[in-house]
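J.: Below: sequence and its predicted model.
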Amino acid sequence: MSTPPRMLVLCSGTYEALVALPPTYDKAVQAAMEKLAVPKDTHVVRLSCKAADMAWIGVHAGSHDIFIADNDSYHYACAGKHVVRLDVHVFDKNPPKADAAPAKADSKKDEKKDDKKEEKKDDKKDDKKNGNKDDKKGGGGSAKAAVASASISYTVESTAGKTTEMTATLSAPDLAKGPAPGEYLGTLSVDASTFAQRFAGRQLGPNEVLTKFVVHDKNTARLLFRPRAVRPRVDMLFPEEQSMEVTLSVADWTVTTAYPMTALVPDGARQKLRWFLRVKPGGAVEDLLTGTEASGLFVEMVPAPKPRPATAVDPNGPLIPAWPDIRPLNAWCLPQTIFVPHIDRILQSLGLPAESRTAMITAWLPGITRHKHIAYRILSKDQLAPSSALTIIPPPQALIRVFVLFRGVPDAELKDWESRGVVHAEMGLDWRDAVGYTPAMADESLFRVVEYGAMEVFD
């Protein structure tokens with residue numbers, strides 16, 4: 001099969017132009033001016049490349065974009081890529097100079113503004129002097145009342161294994177001026193003689209979850225964090241060599257990395273990753289932009305921060321990445337010892353090859369082994385699409401998307417899951433129907449695509 005010519009995509013705002021890759025930087029600039037109709041007499045064009053798209057040097061860049069300045073940097077930006085993507089920036093040769101006259105004319109206005117500010121400051125001082133009297137008469141009723149008290153509760157475990165729970169009420173002139181709402185990690189100190197308590201700590205980010213605290217000795221401790229990350233993978237199975245375009249469009253997710261590496265570009269209100277690939281027999285894929293060969297596509301994402309829904313979430317509604325829903329109404333609960341064999345049988349029935357099942361399950365093990373009971377649910381394609389849409393051109397003859405939510409269930413909640421055990425899980429739901437399974441998944445002569453991933457849910 002003949003190799004297609006190398007191409008250059010020139011991007012300017014929402015407009016893109018596709019041309020044969022010019023041999024030099026000057027000819028690339030000339031092509032940009034011609035295709036984008038930039039007037040040569042009044043404007044100049046500069047080209048830039050995403051730092052993430054430049055191998056080896058991109059990690060040392062101080063910004064997201066690197067401007068191309070000469071032939072050397074141009075050829076470096078194009079190295080190893082079959083399709084090169086460059087951004088076009090248009091600048092005026094004679095930028096308008098700032099007019100000094102209006103500044104003088106506005107000086108009186110500025111003086112008046114300063115006078116008004118001074119008057120407001122004086123008014124505030126007078127209000128402070130008379131504030132107590134006016135408040136007693138009801139004059140200060142328009143201001144919001146400061147929060148003066150709030151409840152405090154905490155549970156701690158001593159080195160002897162004794163658990164202590166305490167509740168109290170904190171009073172202060174205005175608690176709203178204290179620590180911001182959120183979760184904090186730090187040290188609680190209790191004085192031996194006065195029992196005075198002091199907490200010093202740091203606020204955790206929206207995707208930081210403390211899962212374990214291990215003390216090695218008095219001077220050393222180890223904190224184990226499990227980020228709320230999702231690492232979906234896409235495997236492509238085709239008996240012949242095939243070129244294709246794959247796009248993953250996401251909403252309410254923050255993409256942290258992708259492999260083979262590619263740029264994250266706007267997609268309306270969403271963002272998308274796009275690969276130009278050559279799929280080879282056996283499942284290997286070659287990225288035409290970078291020349292990277294991999295066994296599939298890999299993405300890591302974390303939920304974008306989002307306020308908690310004001311109303312109850314539909315148990316069978318679309319996935320909300322920041323607030324994944326898993327409860328007895330929509331999930332199943334199994335002992336940890338039989339969860340892995342059970343889920344392996346389900347994944348096998350969905351047509352996942354042994355390599356895909358192994359990669360998926362071993363990625364969960366650190367989260368699974370910390371719990372005695374595991375609750376899980378498998379999302380349907382309709383529940384995934386609003387936050388994560390996968391498009392493949394040409395379309396595969398068989399496509400399934402397997403995404404599992406799971407969380408640990410404490411002993412105190414097991415009564416709520418009595419009717420959602422292993423027998424009910426294996427008899428109560430056809431997972432094949434949920435993920436869109438077809439018998440074509442078992443036909444090795446067809447073009448098949450399997451996407452799979454999992455997310456641990458924390459309270």
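T.: Ah, there it is. Numbering: from 1, shown residues only.
J.: What number of residues are in the vicinity of the nearest residue to L288 once chain neighbours are set aside?
T.: Sequence neighbours aside, H82 is the residue nearest to L288 in space, at 3.9 Å (criterion: Cβ to Cβ, 6 or more residues apart in numbering). Quick note: C-beta positions are derived from backbone N, CA and C, even for glycine. Look at H82: counted by other Cβ atoms under 10 Å, it has 19 neighbours.
J.: so H82 makes contact with P4?
T.: Yes - H82 is within contact range of P4, at 7.5 Å (criterion: Cβ atoms under 8 Å).
J.: how much space between the most centrally placed residue in the chain and E413?
T.: Nearest to the mean C-alpha position of the chain, by Cα atoms, centre = their mean, lies T254 at 2.1 Å. Using Cβ to Cβ, to the nearest Å, T254 is found at 30 Å from E413.
J.: cool, A20 as well?
T.: 63 Å.
J.: Of the two, which one has the most company?
T.: Neighbours per residue (other Cβ under 10 Å) separate A20 from E413, with E413 holding more: 14 against 10.
J.: SS state for the more buried one?
T.: With DSSP: H, G, I helix; E, B strand; the rest coil as the basis, E413 sits in helix.
J.: picking up where we left off before, mind listing what the residue nearest to L288 touches?
T.: Taking Cβ atoms under 8 Å, 6 or more residues apart in numbering, we find H82 in contact with P4, R6, M7, F276, L288, L289, G291.
J.: out of those, which is most surrounded?
T.: Counting neighbours by other Cβ under 10 Å, L288 comes out on top of the contacts of H82 with 22 neighbours.
J.: Next, give phi and psi for I368.
T.: Phi and psi for I368, reported as degrees, to the nearest 10, are phi -70, psi -40.
J.: So what's the residue count around it?
T.: By the criterion of other Cβ under 10 Å, I368 has 18 neighbours.
J.: now the one 4 residues further on
T.: Around K372 there are 12 other residues, counting by other Cβ under 10 Å.
J.: which stretches of the stretch 251-400 of the chain form strands?
T.: Listed in chain order, the strands of the stretch 251-400 of the chain (DSSP state E, counting those that start in this stretch) span 253-259, 264-267, 270-279, 285-287, 293-294, 297-303, 332-335, 373-379, 388-393, 398-408.
J.: Need the winner for burial among these.
T.: Using mean count of other Cβ atoms under 10 Å, the stretch among the strands of the stretch 251-400 of the chain with the largest mean neighbour count is strand 373-379, at a mean of 23.
J.: A294 reaches D287, doesn't it?
T.: Yes - using Cβ under 8 Å, A294 is in contact with D287, at 7.4 Å.
J.: overlap in contacts of the two?
T.: P260.
J.: What separation is there between F447 and T155?
T.: Relative to T155, F447 is positioned 55 Å away (criterion: Cβ to Cβ).
J.: hmm, I was thinking of A389
T.: For A389, the distance to T155 equals 42 Å [Cβ to Cβ].
J.: And S380, by the same measure?
T.: According to Cβ to Cβ, S380 and T155 sit 38 Å apart.
J.: same question, G178
T.: 21 Å.
J.: same deal with E418?
T.: Where T155 is concerned, E418 sits at a distance of 27 Å (Cβ to Cβ).
J.: same question, L18
T.: Distance of L18 to T155, given as Cβ to Cβ: 62 Å.
J.: can you list the weak-confidence ranges in the protein?
T.: 1-3, 55-63, 95-147, 206-228, 422-430, 459 (pLDDT under 70).
J.: all helices for it, in order.
T.: For the chain, the helices defined by DSSP state H cover 25-35, 71-78, 101-105, 107-136, 336-349, 354-368, 381-384, 422-428, 431-435.
J.: Quick one: the strands in the stretch 101-250 of the chain, in order.
T.: Counting by DSSP E, counting those that start in this stretch, the strands of the stretch 101-250 of the chain are 149-157, 163-171, 184-190, 197-203, 210-217, 220-225, 233-237, 242-250.
J.: Save these as JSON lines, and put in mean neighbour count too.
T.: Shown next, in JSON lines, are those (neighbours: other Cβ atoms under 10 Å):
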{"stretch": "strand 149-157", "mean neighbour count": "10"}
{"stretch": "strand 163-171", "mean neighbour count": "9"}
{"stretch": "strand 184-190", "mean neighbour count": "11"}
{"stretch": "strand 197-203", "mean neighbour count": "11"}
{"stretch": "strand 210-217", "mean neighbour count": "10"}
{"stretch": "strand 220-225", "mean neighbour count": "10"}
{"stretch": "strand 233-237", "mean neighbour count": "20"}
{"stretch": "strand 242-250", "mean neighbour count": "18"}
